[in-house]
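Enquirer: Output the structure for:
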Amino acid sequence: MSISRRQVTSAALAAVPLAFAATGTAQAASRDRTLYIAGDSTAAQKYADAAPETGWGMALPFFLHQDRPVANHAVNGRSSKSFLDEGRLDVILAAIRPGDFLLVQFGHNDEKSADPTRYTEPWTTYQDCLRLYIDGARAHGARPVLATSVERRKFDAAGNALPTHGDYPAAMRALAEEEGVALLDLQALSLALWQRLGVEETRTYFNWTATEQDNTHFNPPGAIAVARLVVRELLRTRVLRPRDVCRLDAEIPTSWITWPEAAA
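Expert: Residues are numbered from 1 along each chain as shown. Here you go, the predicted model:
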């Protein structure tokens, strides 16, 4: 992570006019407010060549009214660091507007200590990277939201669902409290969900096929279940209001999930 990127973010914060909050609030009240997602493969849009693998971000719009559109910028294999280094946060910040939301979920790939392009240490560089997302959103009048990483499917011999993300969720929780940012604790909620479902039923939520046993990525039922957790947390933390959401307790047909052809 380069120092210059932090300097750019700090400069952007300093450039916010004094009247920005008032004008931004008025503008946001008169238009749709977009929920941007910065994250990894568990949230990302999938394409026809990856079906039935499904990111939870693909199911999120089913639970939101049309005036709360979703802009899913999550990308396979990215960490909080590599997403920054590739300029992907810059792309979001060029489009985001006052009153919008930036939902940030990283951790799966930050854990990969053998890959210096992605690895971050939970209590130092991971938190440093996440601060850039928080600062960037706030500099543009948008609301940052942090989400701990959704859990993998892992059970011990006694059938207990096991955590797999080490200190990363705790580091994000601490940062959210320090920065006064809404936190969606997907790690704790998904771990509890996998425990309720059990060893066998959880297979029907992950990307298990005739040729693959994937305990990290979801199929349509799993993506829908996690998206429902996300929206419930957005309500609990008062990021969204009840009038912003729909179908929260309804059965969502898996046929609503589609996989477009990848862009050329």
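
Enquirer: Give me the most central residue, this structure.
Expert: In the chain, the centroid-proximal residue (C-alpha atoms, centre = their mean) is Gln105; its distance is 3.5 Å.

Enquirer: in this structure, which spans are strands?
Expert: 35-39, 70-72, 101-105, 143-147, 182-184, 206-208, 213-218 (DSSP state E).

Enquirer: Same list, those strands, but as a markdown table with distance to Ile257 and mean pLDDT please.
Expert: In short, each C-beta sits where N, CA and C put it, glycine included. Converted to a markdown table, the strands of the chain look like this (distance: least, C-beta to C-beta, whole Å; pLDDT from 0 to 100):
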| stretch | distance to Ile257 | mean pLDDT |
| --- | --- | --- |
| strand 35-39 | 16 | 98 |
| strand 70-72 | 13 | 98 |
| strand 101-105 | 19 | 98 |
| strand 143-147 | 20 | 98 |
| strand 182-184 | 21 | 98 |
| strand 206-208 | 12 | 97 |
| strand 213-218 | 10 | 97 |
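
Enquirer: mind checking the end-to-end distance for stretch 213-228?
Expert: 24 Å (C-alpha to C-alpha, to the nearest Å).

Enquirer: how much distance is there from it to the middle of the chain?
Expert: 14 Å (C-alpha atoms, centre = their mean, to the nearest Å).

Enquirer: Take stretch 146-164, keep the C-alpha atoms, and write them as CSV.
Expert: The C-alpha coordinates for stretch 146-164 follow below in CSV (Å, rounded to 0.1, in the frame of the first residue of the first chain):
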residue,chain,number,x,y,z
LEU,A,146,-18.1,-2.5,6.8
ALA,A,147,-19.0,-6.2,6.6
THR,A,148,-17.0,-9.0,8.1
SER,A,149,-16.2,-11.9,5.7
VAL,A,150,-18.9,-14.5,5.3
GLU,A,151,-17.8,-17.8,6.6
ARG,A,152,-16.6,-20.8,4.7
ARG,A,153,-18.2,-24.2,5.1
LYS,A,154,-16.1,-26.1,7.7
PHE,A,155,-17.2,-28.5,10.4
ASP,A,156,-15.3,-30.5,12.9
ALA,A,157,-16.0,-34.2,13.6
ALA,A,158,-18.7,-33.4,16.0
GLY,A,159,-20.6,-31.3,13.5
ASN,A,160,-19.7,-27.9,14.9
ALA,A,161,-19.3,-25.1,12.4
LEU,A,162,-15.8,-23.6,12.6
PRO,A,163,-14.5,-20.1,12.1
THR,A,164,-11.8,-19.8,9.4
